[in-house]
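Trainee: From the sequence below, what's the structure:
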Amino acid sequence: MTQSNDISDLFIIGGGINGCGIARDAAGRGLSVTLAEQGDLAQATSSASTKLFHGGLRYLEYLEIRLVREALKERETLLRAMPHISWPLRFVLPLHPQMRFDSDTPVSRLLQKIMPWMRGRRPAWLIRLGLFAYDNLGSRTILPGTKRTNLRTSPVGAALKPALTRAFEYSDCWVEDARLVSLNARDASQRGACILTRSKVLSAEVHDGLWHVTTQQRDGSERIHKARLLINAAGPWVGETLRAVIRSNSAETVRLVRGSHIVVRRMYEGDHCYFLQGADGRIIFAIPYEQDFTLIGTTDMDHPDPDTAPVCTDEEALYLCEFASQYFKDSIGLDDIVWRYSGVRPLYDDGARSATAATRDYVLSLEEMSAPVLHVFGGKITTYRKLAQSAVDTIGSRLGKDAPAWTAGAPLPGGDFPHDTVQAQITALRRAYPFLDARWAQRLIRGYGRDAFVLLEGAENLADLGQSFGHSLTEREVRWLMQHEFALEAEDILWRRSKLGLRFTPAEVGALEAWIGLHAA
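Mentor: Residues are numbered from 1 along each chain as shown. Sure thing, here's the model as predicted:
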């Protein structure tokens, strides 16, 4: 076992969006940071989201006004900071006669008392009222507001069943969730943070007022790290870390909720999304995905424990197929699914009766043991920057190292260009590197932004990019991801730094794995 003599201000457990967001914010304020993640960055919850920066329209029914307002304000702040991996979307919300409230919501219970004849229906006027609030709760200068749509005459109605005639359209944003995490980690590293992946935290003990954190590396060796303050941002493992690793007596914990998604071949033309409401009070989204597919999700199911791998069951997949088929002309079934995934959301346990009703808000709990530890509970991807900022505000004062917040106006790596010039960036990349076709150039700009020019620097033809692994992935890009974005295995590259795994054959995956095995440091 080796022991570091360096003392970090912070040691962060967890390499999801909360841990990496905190690492970036703290490093940018001059704090010394070490972060350990037991797997790959974003390997759990943060790569298994619905991939939206959104206020959470349905949270209005739970009267989570503060959370919705904060998330709505964040959408455009984040859009400006990362225009390569985030972009505006228009959502079509068809009005369906069978749509119902979740009976557990405060708004539903109120309407049942004052309008019992509605029998749990979600009326159009109430939806419009909610969308009015959604448009106006947060400052909105980029995203267009809500409008009514005639589905008989609008192109957005072409894929839907003829019985659906009316809809509302409103705005939210897409985000490449796993790339958001790796870019936060990259920026944190560039600002001095030490990012350790495949480093499992075995124990954390206090000696002489300092945390001594023992990690086990990928090769099985162990190392002790010292820090003044510990941050437990372990996501689904936050409760387990609190009790078994840190040995805290805190009663706070998380409620694990599994959200499952399916991906099918593209179901409709256009770049709009659908917000679909069910007779059971649930909602799902249908979203254009990776140019040739449609993403459908999500479910809400209680999950037993963090060490049980989340799986989209046939029951959940069939539920999503049948839900979507109530709206689309072309129905889908299990045989139409090309990929399915599931993630566990570590929601703060507020005692809600159902998984759907559990709060999506975050809670930061600073515990004064023999040395301080900050536990991070819950949160949603849209408010990750605010969560990180609040966390560093809290610990900065505790460490006596106050520094002003800075992330609101700071672009992520590659995102230093105006949000409405993405197509101009794609055109400029093709002009600089004529051997790129349109889809390849779009993928590079959407993944790396202005860094795509750096990645390709000096290349005059395809041969200059080294070995081709198929589907526009080349040796040059793989080396970049290994050197700058902490990728160590083929899965990291194919399913988190990109979604090229949707296209790769087993033989192509094997060739990539073999190359990485020969060239890994």
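Trainee: The stretch 101-250 of the chain: strands as residue ranges?
Mentor: Using DSSP state E, counting those that start in this stretch, the strands of the stretch 101-250 of the chain run over residues 147-150, 166-175, 194-196, 200-207, 210-216, 222-232.
Trainee: Can you tell me which of those is nearest to residue 340?
Mentor: In terms of CB to CB, the element of the strands of the stretch 101-250 of the chain nearest to residue 340 is strand 166-175, at 19.7 Å. The way it works is simple: take the backbone N, C-alpha and C, and place the C-beta from them, glycine included.
Trainee: Only the buried residues of the strand or helix carrying residue 74, if you could.
Mentor: Element membership of residue 74 [criterion: DSSP states H and E] is helix 65-81. By neighbour count with 16 or more other CB atoms under 10 Å, helix 65-81 contains the buried residues 67-81.
Trainee: what's the answer for stretch 491-498, then?
Mentor: The neighbour-count criterion (16+ other CB under 10 Å) identifies 491, 492, 493, 494, 495, 496, 497, 498 as the buried residues of stretch 491-498.
Trainee: Equivalent analysis for stretch 151-164, please.
Mentor: 151, 156, 157, 159, 160, 161, 164.
Trainee: Among those residues, pick out the one closest to residue 402, please.
Mentor: Distances from residue 402 to these, taken as CB to CB, are shortest for residue 156 (49.5 Å).
Trainee: The spatially closest residue to the closest one that is not a sequence neighbour: which element?
Mentor: The shortest distance from residue 156 to any residue that is not its chain neighbour, by CB to CB, 6 or more residues apart in numbering, is 4.8 Å, and that residue is residue 92. Using DSSP H and E, residue 92 sits in strand 86-94.
Trainee: what packs against that strand?
Mentor: The contact analysis (3 or more CB pairs under 8 Å, 6 or more residues apart in numbering; DSSP states H and E) places strand 86-94 against helix 65-81, strand 166-175, strand 273-277.
Trainee: and that strand, what's its mean pLDDT?
Mentor: Averaged over strand 86-94, pLDDT sits at 97.
Trainee: what does stretch 272-286 give?
Mentor: In this model, stretch 272-286 has a mean pLDDT of 91.
Trainee: so how many other residues sit close to residue 485?
Mentor: Residue 485: 22 surrounding residues under other CB atoms under 10 Å.
Trainee: Oops, could you answer that again for residue 145 instead?
Mentor: Residue 145 is surrounded by 13 other residues when neighbours are defined as other CB under 10 Å.
Trainee: What separation do you get for it and residue 328?
Mentor: When CB to CB, to the nearest Å is the yardstick, residue 145 and residue 328 sit 26 Å from each other.
Trainee: same question, residue 127
Mentor: Using CB to CB, one obtains 20 Å as the distance from residue 127 to residue 328.
Trainee: for residue 137, same thing?
Mentor: 31 Å.
Trainee: next one: residue 432
Mentor: Counting by CB to CB, the separation of residue 432 from residue 328 is 41 Å.
Trainee: so where do the helices sit in the stretch 1-150 of the chain?
Mentor: Along the stretch 1-150 of the chain, the segments classed as helices by DSSP state H, counting those that start in this stretch run 17-28, 65-81, 106-114, 124-137.
Trainee: The ones you listed: lowest mean pLDDT?
Mentor: Within the helices of the stretch 1-150 of the chain, confidence is poorest for helix 106-114, with a mean of 67 (mean pLDDT).
Trainee: coming back round to it: save the buried residues of stretch 491-498 as a markdown table, and put in pLDDT too.
Mentor: Compiled in a markdown table, those are given as follows (pLDDT from 0 to 100):
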| residue | pLDDT |
| --- | --- |
| 491 | 98 |
| 492 | 98 |
| 493 | 98 |
| 494 | 98 |
| 495 | 98 |
| 496 | 98 |
| 497 | 98 |
| 498 | 97 |
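Trainee: Can you tell me which of those comes closest to residue 224?
Mentor: Taking CB to CB as the measure, residue 224 lies nearest residue 492 of the buried residues of stretch 491-498, at 26.6 Å.
Trainee: Identify the spatial nearest neighbour of that closest one, chain neighbours not counted.
Mentor: Using CB to CB, 6+ apart, the closest residue to residue 492 is residue 40 (4.8 Å).
Trainee: now do residue 66
Mentor: Here the residue nearest residue 66, using CB to CB, 6+ apart, is residue 361, at 7.6 Å.
Trainee: now do residue 164
Mentor: Distances taken as CB to CB, 6+ apart put residue 94 closest to residue 164, at 4.6 Å, once the chain neighbours are dropped.
Trainee: go on, residue 402?
Mentor: Leaving aside its sequence neighbours, residue 402 sits nearest to residue 396 (CB to CB, 6+ apart; 4.9 Å).
Trainee: Would you mind confirming that residue 363 makes contact with residue 252?
Mentor: Yes: Residue 363 is in contact with residue 252 according to CB atoms under 8 Å; the separation is 7.5 Å.
Trainee: what's the overlap in contacts for the two?
Mentor: With CB atoms under 8 Å, 6 or more residues apart in numbering applied, the overlap between the contact sets of residue 363 and residue 252 consists of 348, 377.
Trainee: about what we covered before: for the residue nearest to residue 492, phi and psi?
Mentor: phi -90, psi 160 (degrees, to the nearest 10).
Trainee: would you list every one of the helices in the stretch 201-350 of the chain?
Mentor: With DSSP H, counting those that start in this stretch applied, the stretch 201-350 of the chain shows helices at 238-240, 314-325, listed in chain order.
Trainee: Would you mark the buried spots in the longest one?
Mentor: Buried positions in helix 314-325, judged by neighbour count with 16+ other CB under 10 Å: 316, 317, 319, 320, 321, 323, 324.
Trainee: Reformat these as CSV; add distance to residue 486.
Mentor: Rendered in CSV, the data for these read as follows (distance: CB to CB, whole Å):
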residue, distance to residue 486
316, 31
317, 31
319, 36
320, 32
321, 36
323, 37
324, 36
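Trainee: could you dump those residues to CSV with distance to residue 344 and pLDDT?
Mentor: Shown next, in CSV, are these (distance: CB to CB, whole Å; pLDDT from 0 to 100):
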residue, distance to residue 344, pLDDT
316, 13, 97
317, 17, 98
319, 18, 97
320, 17, 97
321, 22, 98
323, 21, 96
324, 23, 97
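Trainee: of those residues, closest to residue 282?
Mentor: Using CB to CB, these come closest to residue 282 at residue 323, 7.6 Å.
Trainee: Does that closest one touch residue 276 like I think?
Mentor: Yes: with contact taken as CB under 8 Å, residue 323 and residue 276 are classed as touching, separated by 6.6 Å.
Trainee: tell me, what's touching these two both at once?
Mentor: Between them, residue 323 and residue 276 share the neighbouring residues residue 284, with contact defined by CB under 8 Å, 6+ apart.
Trainee: Show me where the stretch 301-450 of the chain dips below the pLDDT cut-off.
Mentor: 351-359 (pLDDT under 70).
Trainee: rerun that using 80 as the cut-off
Mentor: Per-residue confidence of the stretch 301-450 of the chain (counting by pLDDT under 80) places the weak regions at 349-360.
Trainee: what's the helix or strand for the residue nearest to residue 402?
Mentor: When secondary structure is defined using DSSP H and E, the element that contains residue 396 is helix 384-399.
Trainee: tilt between that helix and strand 166-175?
Mentor: 50 degrees (axes from the mean of the first three to the mean of the last three CA atoms, to 10 degrees).
Trainee: Alpha carbons of helix 384-399, as PDB, please.
Mentor: This file holds the C-alpha atoms of helix 384-399, laid out as PDB (Å, rounded to 0.1, in the frame of the first residue of the first chain):
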ATOM      1  CA  TYR A 384     -26.200  19.900 -11.500                       C
ATOM      2  CA  ARG A 385     -24.300  23.300 -11.900                       C
ATOM      3  CA  LYS A 386     -26.400  24.900  -9.200                       C
ATOM      4  CA  LEU A 387     -25.900  21.900  -6.900                       C
ATOM      5  CA  ALA A 388     -22.100  22.100  -7.500                       C
ATOM      6  CA  GLN A 389     -22.100  25.800  -6.900                       C
ATOM      7  CA  SER A 390     -24.100  25.500  -3.600                       C
ATOM      8  CA  ALA A 391     -21.800  22.600  -2.500                       C
ATOM      9  CA  VAL A 392     -18.600  24.600  -3.100                       C
ATOM     10  CA  ASP A 393     -20.200  27.700  -1.400                       C
ATOM     11  CA  THR A 394     -20.900  25.500   1.700                       C
ATOM     12  CA  ILE A 395     -17.500  23.800   1.900                       C
ATOM     13  CA  GLY A 396     -15.500  27.000   0.900                       C
ATOM     14  CA  SER A 397     -16.700  28.800   4.000                       C
ATOM     15  CA  ARG A 398     -16.000  25.700   6.100                       C
ATOM     16  CA  LEU A 399     -12.500  25.500   4.800                       C
END
